[in-house]
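*Asks:* sequence first, predicted coordinates after that:
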Amino acid sequence: MEMVQIEKVSKDSVNKAKKKLSPFIIHNLSRLGIIITLLAVWELAAFLKWINPFLLGSPSGIWDETVRLIQSGQLYTDMFATVYGTILGFVIGSLLGSAIGLLLWYSKTLATIIDPFVVALNGLPKIALAPMIIIWFGSGMFSKIILASIATFIVALLSAYQGTHQIDSNLVNLMKSLGSSKGQIFKKVVIPSSLPWIISAFRLNIGFALIAVIGGEFISSDKGLGRMIFVAGNLFNLNVVWVGVLSLMAVAIILYVIVSKMENRLIPWEDSKRQKEN
Amino acid sequence: MMLNSAQAVSDVTKEVGNAIELQGIKKHFYDKDENIIQVIKDITLEIKNKEFISIVGPSGCGKSTMFNIIAGLMQPTEGKVKVLGEDIVSSTGHVGYMMQKDLLFPWRTIIENVSLGLEVKGMTKKEREDIALDYLAKYGLADFAHAYPSTLSGGMRQRVALIRTLAMDPEIILLDEPFSALDYQTRLVLEEEILGILRDFGKTAVLITHDIGEAIAMSDRIAVMTQRPTCVKKIYDVGLAVELGSGMKARADHRYNDFFENIWADLDIQIGRDS
């Protein structure tokens, strides 16, 4: 929603840029102002010992740690591990879940039979499985991928299956009247018609995959941003904790933007609908 | 080139004489409590080759059930359906279908929508897009070939739906209130256009409608149905559109009002009871 507004504003800004400051620039300047003020007050408070920098960290300390962690290559290693586990788990869980959710369209009986199991698994906080998964698959990357796959699988499955329930039965009848097989109906109606639901599950799943990987890293791991935060937290090195948290934020935003771009690619017809409404 | 197959089929149907034969069709459903709901009491109707027939009846009288039976989407409880002389046991693409909703696939561009039926038939992409583009060009929609349906107006979308039906080259076209979602002017224009197209291609058409005027303006014959459980109450020979050359002229003819009054009386619609 907000994304759309920003796009709209930026289009307007092209036209008005020469006359006066566009809302686009005003918004971003204000945002930058808020961040700078916050950092300045924080730094000053830490410098004047109004707050305890040992418990809260300070912007300059965070900066020093960031530079150190980049130079030593540790930030890169940890970030790569987390991103890799998240993306792989997300892709495996989301694709497998979506595929099975869609295929359940074929058999209402099977869908009804497994329904309570799916609901039970969906209600379970998946992170509760982490200790078991780590015992079974070790503390390396593999267990994090499995965790993220499980966390995203059920959401994708439920969402895809719900998508198949929203299909306009008239479209199915039309396909039948054209003499098409069940497989053709699946391919030409069920899949594309459920895609918006699948994509919206993807957007949720990026977050879930990240939570699962970080949670797994907290419990037992040899690298990753989760481990960085956990270890630094135990050592009361708050500046490093901040580096981890901010890096995670950046990772989350980037992954979210990628999925949003994917959305425009995969369901272009929704995009042209929006354009018409504008 | 695409007309060849149509001509081959219509040569066969000329010998048969009737495009559709409904023989003693009965249909009932069961509701939740296992009670029998009788929808179609008994319909026997012969629809001649290349005629335009309208089915007019009170709402909820089972017209759409009758349609689904002709299209092979539903089996009658009793009776036989013959389309082009052959018994219909399932849906095989023998009839084209056009409904109130245009039923364009939102995720397909216009040309992909038009070529849907050909794709189901297993035609190659090149073949089907050539055919689709021919039709789109003929009806002034070539510029929109690669647009998505959501960007088109209601009238244009309904025209695309018709072209999709035509591209399949069915011998029979079923029209289930195809105009009811359109504004009045667009409706008149499309009525005229469809009459012209059906005449050009020599198709048999069955139109379901609530609109008595539309039925009179377009049809060779009109079958008036009773309340549910339905059967054919009366058949009118109209033929104004063919005689006068257009639906507009049919609407202006003095016989139009006579037909209207008679059919209205047959429908026996009383406010409060019917709806």
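*Replies:* Arrived safely. Numbers count the residues shown, from 1 in each chain, chains lettered A, B, ... in the order given.
*Asks:* helices along the chain, start to end?
*Replies:* Since no chain was named, I'll use chain A. With helices called from DSSP state H, chain A shows them at A:2-16, A:23-47, A:53-56, A:59-72, A:74-103, A:108-123, A:130-137, A:141-165, A:169-177, A:182-185, A:191-219, A:225-234, A:238-266, A:268-277.
*Asks:* oops, wrong one, chain B.
*Replies:* Using DSSP H, the helices of chain B run over B:3-16, B:63-71, B:110-114, B:116-121, B:125-138, B:154-167, B:184-201, B:212-218, B:240-244, B:247-252, B:254-267.
*Asks:* compare these and say which comes out lowest on pLDDT.
*Replies:* Sorting the helices of chain B by mean pLDDT places helix B:3-16 lowest, at a mean of 45.
*Asks:* how about the residues of chain A by chain B?
*Replies:* A:168, A:170-171, A:173-180, A:184, A:188-189, A:192-193, A:195, A:267-269, A:272-273, A:275-276 (CB under 8 Å from any CB of the partner chain). In this view, the C-beta of every residue, glycine as well, is placed from N, C-alpha and C.
*Asks:* in contact with the nearest residue in space to B:Pro149 that is not next to it in sequence, which residues?
*Replies:* Among residues not flanking B:Pro149 along the chain, B:Leu104 sits closest, at 4.0 Å (CB to CB, 6 or more residues apart in numbering or on different chains). If a contact means CB atoms under 8 Å, 6 or more residues apart in numbering or on different chains, then B:Leu104 has B:110, B:113, B:149, B:157, B:160-161, B:164 as its contacts.
*Asks:* if we take the residues you listed, which one ends up nearest to chain A?
*Replies:* Here the nearest of the contacts of B:Leu104 to chain A, counting by CB to the nearest CB, is B:Pro149; it sits at 7.9 Å.
*Asks:* can you count the residues close to the closest one?
*Replies:* Neighbourhood size, B:Pro149 [other CB atoms under 10 Å in any protein chain shown]: 24.
*Asks:* and the pLDDT for it?
*Replies:* 91.
*Asks:* hmm, back to that, ok, of the contacts of B:Leu104, which one's closest to B:Ala205?
*Replies:* Distances from B:Ala205 to the contacts of B:Leu104, taken as CB to CB, are shortest for B:Ala161 (14.4 Å).
*Asks:* if I look at the residue nearest to the closest one when sequence neighbours are not counted, how far off is chain A?
*Replies:* Nearest residue to B:Ala161, sequence neighbours excluded (CB to CB, 6+ apart): B:Asp102, at 4.2 Å. Noted for B:Asp102: a distance of 10 Å to chain A, by CB to the nearest CB, to the nearest Å.
*Asks:* correct me, but B:Asp102 touches B:Thr165?
*Replies:* No: the pair B:Asp102 / B:Thr165 is not scored as a contact, 10.7 Å apart, by CB atoms under 8 Å.
*Asks:* so for those two, which residue has more residues nearby?
*Replies:* Using other CB under 10 Å as the criterion, B:Asp102 and B:Thr165 rank with B:Thr165 on top: 25 against 22.
*Asks:* from chain A, how far off is the more buried one?
*Replies:* B:Thr165 is 10 Å from chain A, where distance means CB to the nearest CB.
*Asks:* check contacts around the residue in the stretch 1-150 of chain A that chain B sits nearest to.
*Replies:* Scanning the stretch 1-150 of chain A for the residue nearest chain B gives A:Leu102, at 14.8 Å (criterion: CB to the nearest CB). Residues in contact with A:Leu102, defined by CB under 8 Å, 6+ apart, are A:160-161, A:163-164, A:186, A:190-191, A:194, A:198.
*Asks:* just those residues now: which is nearest chain B?
*Replies:* A:Ile191 (9.3 Å).
*Asks:* tell me the contacts of the closest one?
*Replies:* If a contact means CB under 8 Å, 6+ apart, then A:Ile191 has A:Leu102 as its contacts.
*Asks:* what's the neighbour count on A:Gln74?
*Replies:* By the measure other CB under 10 Å, the count of residues near A:Gln74 is 15.
*Asks:* let me see the contact set for it.
*Replies:* For A:Gln74, the contact set (CB under 8 Å, 6+ apart) comprises A:Met228.
*Asks:* what is the neighbour count of the closest residue to B:Glu86 other than its chain neighbours?
*Replies:* Leaving out its chain neighbours, the residue that sits closest to B:Glu86 by CB to CB, 6+ apart is B:His94, at 7.9 Å. By the measure other CB under 10 Å, the count of residues near B:His94 is 21.
*Asks:* what's the answer for A:Val251, then?
*Replies:* Count around A:Val251 with other CB under 10 Å applied: 18.
*Asks:* how close does B:Ser59 sit to B:Glu177?
*Replies:* As judged by CB to CB, to the nearest Å, B:Ser59 and B:Glu177 stand 10 Å apart.
*Asks:* what of A:Pro116?
*Replies:* Distance from A:Pro116 to B:Glu177, by CB to CB: 42 Å.
*Asks:* and those two? which has more neighbours close in?
*Replies:* Neighbours were counted for A:Pro116 and for B:Glu177 using other CB under 10 Å; B:Glu177 has more, 18 against 9.
*Asks:* can you read off the pLDDT for the closest residue in space to that one that isn't next to it in sequence?
*Replies:* For B:Glu177, ignoring the flanking residues on the chain, the nearest one in space by CB to CB, 6+ apart is B:Gln100 at 4.5 Å. At B:Gln100, the pLDDT value in this model is 78.
*Asks:* counting neighbours, what do you get for B:Gln100?
*Replies:* B:Gln100: 17 neighbours (other CB under 10 Å).
*Asks:* for it, what are its contacts?
*Replies:* B:176-178, B:180-181.
*Asks:* now those residues: which count as buried?
*Replies:* B:176-178, B:181 (16 or more other CB atoms under 10 Å in any protein chain shown).
*Asks:* among these, name the ones in strands.
*Replies:* Within these, residues falling in strands by DSSP state E are B:Asp176.
*Asks:* need the buried ones among the contacts of B:Gln100 in CSV (columns: pLDDT and distance to A:Ala128).
*Replies:* Output for those, formatted as CSV (pLDDT from 0 to 100; distance: CB to CB, whole Å):
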residue, pLDDT, distance to A:Ala128
B:Asp176, 86, 53
B:Glu177, 85, 55
B:Pro178, 84, 56
B:Ala181, 78, 52
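*Asks:* of the buried ones among the contacts of B:Gln100, closest to chain A?
*Replies:* Proximity of these to chain A (CB to the nearest CB) peaks at B:Asp176, which lies at 10.1 Å.
*Asks:* for the closest one, list the residues it contacts.
*Replies:* B:63-64, B:67, B:97-100, B:208.
*Asks:* rerun that using 6 Å as the cut-off
*Replies:* Counting by CB atoms under 6 Å, 6 or more residues apart in numbering or on different chains, B:Asp176 makes contact with B:67, B:99, B:208.
*Asks:* looking at these, which is nearest chain A?
*Replies:* The shortest gap between chain A and any of the contacts of B:Asp176 belongs to B:Met99, at 6.7 Å (CB to the nearest CB).
*Asks:* how about that closest one, what does it touch?
*Replies:* Applying CB under 6 Å, 6+ apart, the residues contacting B:Met99 are B:Asp176.
*Asks:* before we move on, what about A:Ile267?
*Replies:* Counting by CB under 6 Å, 6+ apart, A:Ile267 has contacts A:195-196.
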